[in-house]
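Colleague: just to be clear, the model below is a prediction. Sequence and coordinates:
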Amino acid sequence: MPGVSLRALTRRYGDVAAVDQLSLEVKPGELVALLGPSGCGKTTTLRLVAGFLAPEAGEIWVGERCLSSAGTVVPPERRRMAMIFQSYALWPHMTVAQNVGYGLRFKRGLSRADRDRRVAELLRVVQLAGYESRYPGELSGGQQQRVAVARALVVEPEILLLDEPLSNLDANLREEMRFEIRRLHETFGITTLYVTHDQAEAMVISDRIAVLERGRVAQVGTPDEVFLAPRTRFVAEFIGRTNLLEAIVMGPDLVAHGRLRLRVGGGPLPSGARVTVSIRPHDVVIGEARPGANSVRGTVRRASFLGDGVDYHVQVADSDLVLRVAGSATPRRRVGETVGLSIDPSACVALAASEERP
């Protein structure tokens, strides 16, 4: 399978740069999620890769083939790609087998028996064997999504593109389909770009995540890297929950937020610089001080029971800082109770500012 190379892609709508000199390398056989809020350019990027849109600048390469550049765009039908849409886009008047096998009608050299055999194999892989004669209206949302996946895979594309494919499903089915799509990716190993605004979805499905901000890649890395070591405030806020505090660097690994002093990880910091420190709620431990950890005391201001845990808001003593803390369900802490908090320095991540642009 070839990889995909996006090189300084730009696409504007009027005065707005939906995609702004975006560059990204997708390795052969890799699944990369394009993750970001509405308007960040992720769907526009996918449509540029598919050939539905032409870039104003930049290039798109698949392996050794240049598919898009200024003035030259290979049409979608010649790109050896398959796309799965948010709406599934199944033909309601066709059976499941007819929907899945539709793309094979345009492949030369395939007999009817070969097409039927390939359709049956794909339906078995997506766990829809026995549903060949049903119509889309007779299927659940998850089953329709599996038909859309089978239809995309049956033509053996070099590149697979998915645009918010699970957003129409309910929460439980969405979670099930995340694992199903990951299983299918591991089975076929097709180079894949997956657009989503759902952080949990991106974490489960992808090999790497490209977080998009205002048409550019803010950070790219494995799910572990973007969650545990965000580079900017935007990435820290968008990937999961976090506490953010503005601080001044007092030493190579020491910052101050008012009277509060915290040791941070990540290497020496320039003295006197202003930084934003990210602390994930699950990294704040309620209890007695631990050796080597940042230790503070605070008062519980709010406690929200979540079933398997409690979401606490704790105001740090002698400070206006309120930390969100993910605590266990037992023992329960009461509102107004004074508690000790411990935070490992490696969990205190100093962030760079987001890139300023005109």
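Modeller: Yep, that arrived.
Colleague: residue 189: neighbour count?
Modeller: 13 (other C-beta atoms under 10 Å). Every C-beta, even on glycine, is put in place using the N, C-alpha and C of the backbone.
Colleague: excluding sequence neighbours, find me the nearest residue to it.
Modeller: Leaving aside its sequence neighbours, residue 189 sits nearest to residue 29 (C-beta to C-beta, 6 or more residues apart in numbering; 4.5 Å).
Colleague: tell me which element that neighbour is part of?
Modeller: According to DSSP states H and E, residue 29 maps onto no helix or strand at all.
Colleague: can you give me phi and psi for residue 101?
Modeller: Main-chain dihedrals, residue 101, degrees, to the nearest 10: phi -90, psi 0.
Colleague: check contacts around it.
Modeller: If you count contacts by C-beta atoms under 8 Å, 6 or more residues apart in numbering, residue 101 has them with 115-116, 118-119, 154.
Colleague: do you know the pLDDT at it?
Modeller: Here the pLDDT value assigned to residue 101 is 93.
Colleague: for residue 35, see how far away it is.
Modeller: To residue 35, residue 101 is 33 Å away according to C-beta to C-beta, to the nearest Å.
Colleague: ok, back up a step: which of the contacts of residue 101 sit farthest apart?
Modeller: 116 and 154 (11.2 Å; C-beta to C-beta).
Colleague: the more surrounded of those two?
Modeller: residue 154 (23 against 15).
Colleague: so who does the spatially most central residue of the chain touch?
Modeller: Among the residues of the chain, the one closest to the centroid is residue 202, at 3.2 Å (C-alpha atoms, centre = their mean). Counting by C-beta under 8 Å, 6+ apart, residue 202 touches 33, 35, 194, 196, 209, 223.
Colleague: next: residue 200.
Modeller: residue 178.
Colleague: show the backbone phi and psi for the residue nearest to residue 103 when sequence neighbours are not counted.
Modeller: Counting by C-beta to C-beta, 6+ apart, residue 155 is the residue found nearest to residue 103 once chain neighbours are left out, at 4.2 Å. Note on residue 155: its backbone torsions stand at phi -90, psi 0 [degrees, to the nearest 10].
Colleague: out of the contacts of residue 101, which are inside helices?
Modeller: Taking DSSP state H as the definition of helices, the contacts of residue 101 contribute 115-116, 118-119, 154.
Colleague: could those be laid out in TSV, adding distance to residue 3?
Modeller: Converted to TSV, the ones in helices among the contacts of residue 101 look like this (distance: C-beta to C-beta, whole Å):
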residue	distance to residue 3
115	30
116	33
118	26
119	29
154	23
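Colleague: and those residues, which is closest to residue 45?
Modeller: For the ones in helices among the contacts of residue 101, the residue nearest residue 45 by C-beta to C-beta is residue 154; the value is 25.5 Å.
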